[in-house]
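Novice: sequence below, structure please.
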Amino acid sequence: MDVDLRVMTEDLDRACRDSGLRQAAFAAALGTSASRFSTYRSGRTVPSATFYLRARRIGSALKQASDHGWMTPPMSAAAIASALAEPDEIWAFKLALQARDHLRELLTDRPEISSAWEAAPQSTGRTEWDAFLAALAEHEFDLAGQPTPAWTQRAALTADWILDSPMFDEMGVRAHTPSWLAQRRIYVSARDLTTV
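Specialist: Residues are numbered from 1 along each chain as shown. Here you go, the predicted structure:
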């Protein structure tokens with residue numbers, strides 16, 4: 001293996017390690033398959049320069065976000081999936097809002113590592129929760145005036161999804177849902193989205 005190829009494979013190994021994810025999850029976060037990423041790490045296939053730089057950047061950003069205790073998309077989706085498996089939708093909702101709050105703090109305090117949120121999460125196992133996490137992330141990036149990660153660009157749900165509210169009935173939830181959620185056919189009252 002020549003020097004440049006060895007450096008590239010070592011950098012990809014480091015990026016995967018830094019991400020804190022298993023190879024399959026890191027590959028998914030980068031938008032490729034585990035088998036393809038394995039060929040990059042071994043040097044059997046040379047990735048594009050763009051992919052190589054993206055892997056290094058996202059791996060480093062995921063590490064820095066983790067070092068600060070901030071949730072990232074892969075971590076958030078895994079935690080939500082775990083809550084849904086209980087099944088505990090209230091906890092899943094709280095985790096989604098915590099992820100949103102962590103993203104907001106990251107975008108305010110350390111915008112240079114916002115690429116941690118470019119890491120595409122694996123599915124929570126429920127389309128509506130995947131769409132909700134994507135909508136929350138997209139909205140925070142919009143508020144911060146930053147480009148939204150590609151994984152947040154999702155079509156609206158095929159059916160309305162209404163989260164129960166302790167304050168409102170179904171009509172009240174619909175009436176009090178922010179437009180950025182309603183356009184995705186996700187209905188959560190603005191009041192229920194508030195954290196203290």
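
Novice: would you map out the domains in this protein?
Specialist: According to automatic domain parsing, the chain comprises the domains 3-67, 73-193.

Novice: CA atoms only for the helix ranked longest in the chain - export them in PDB, please.
Specialist: Secondary structure of the chain per DSSP state H: the longest helix is helix 89-109. Extracted in PDB, the C-alpha atoms of helix 89-109 (Å, rounded to 0.1, in the frame of the first residue of the first chain):
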ATOM      1  CA  GLU A  89     -43.900   7.600  23.600                       C
ATOM      2  CA  ILE A  90     -43.800  10.300  26.300                       C
ATOM      3  CA  TRP A  91     -40.100   9.500  26.900                       C
ATOM      4  CA  ALA A  92     -39.500   9.400  23.100                       C
ATOM      5  CA  PHE A  93     -41.100  12.900  22.800                       C
ATOM      6  CA  LYS A  94     -38.900  14.200  25.600                       C
ATOM      7  CA  LEU A  95     -35.800  12.800  24.000                       C
ATOM      8  CA  ALA A  96     -36.700  14.400  20.600                       C
ATOM      9  CA  LEU A  97     -37.100  17.800  22.400                       C
ATOM     10  CA  GLN A  98     -33.800  17.200  24.200                       C
ATOM     11  CA  ALA A  99     -32.100  16.500  20.900                       C
ATOM     12  CA  ARG A 100     -33.600  19.700  19.500                       C
ATOM     13  CA  ASP A 101     -32.400  21.700  22.600                       C
ATOM     14  CA  HIS A 102     -28.900  20.200  22.300                       C
ATOM     15  CA  LEU A 103     -28.800  21.200  18.600                       C
ATOM     16  CA  ARG A 104     -29.900  24.700  19.400                       C
ATOM     17  CA  GLU A 105     -27.100  25.000  22.000                       C
ATOM     18  CA  LEU A 106     -24.600  23.600  19.600                       C
ATOM     19  CA  LEU A 107     -25.600  26.000  16.800                       C
ATOM     20  CA  THR A 108     -25.300  28.900  19.200                       C
ATOM     21  CA  ASP A 109     -22.100  27.900  21.100                       C
END
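
Novice: what's the following helix or strand after it?
Specialist: Counting by DSSP states H and E, the next helix or strand C-terminal to helix 89-109 is helix 127-144.

Novice: could you give the angle of that following helix to helix 89-109?
Specialist: Angle of helix 127-144 versus helix 89-109, following axes from the mean of the first three to the mean of the last three Cα atoms, to 10 degrees, is 20 degrees.

Novice: what is helix 127-144 packed up against?
Specialist: Applying 3 or more Cβ pairs under 8 Å, 6 or more residues apart in numbering; DSSP states H and E, we find helix 127-144 packed against helix 73-85, helix 89-109, strand 161-162, helix 179-182, strand 186-187. Yep, even glycine has a C-beta here, placed from its N, CA and C like the rest.

Novice: what does it contact?
Specialist: Helix 127-144 has contacts (Cβ atoms under 8 Å, 6 or more residues apart in numbering) with 73, 76-77, 80, 84, 92, 96-97, 99-100, 103-104, 107-108, 111, 114, 117, 121, 123-124, 147-149, 151-154, 156-157, 161, 180-181, 184, 186, 188.
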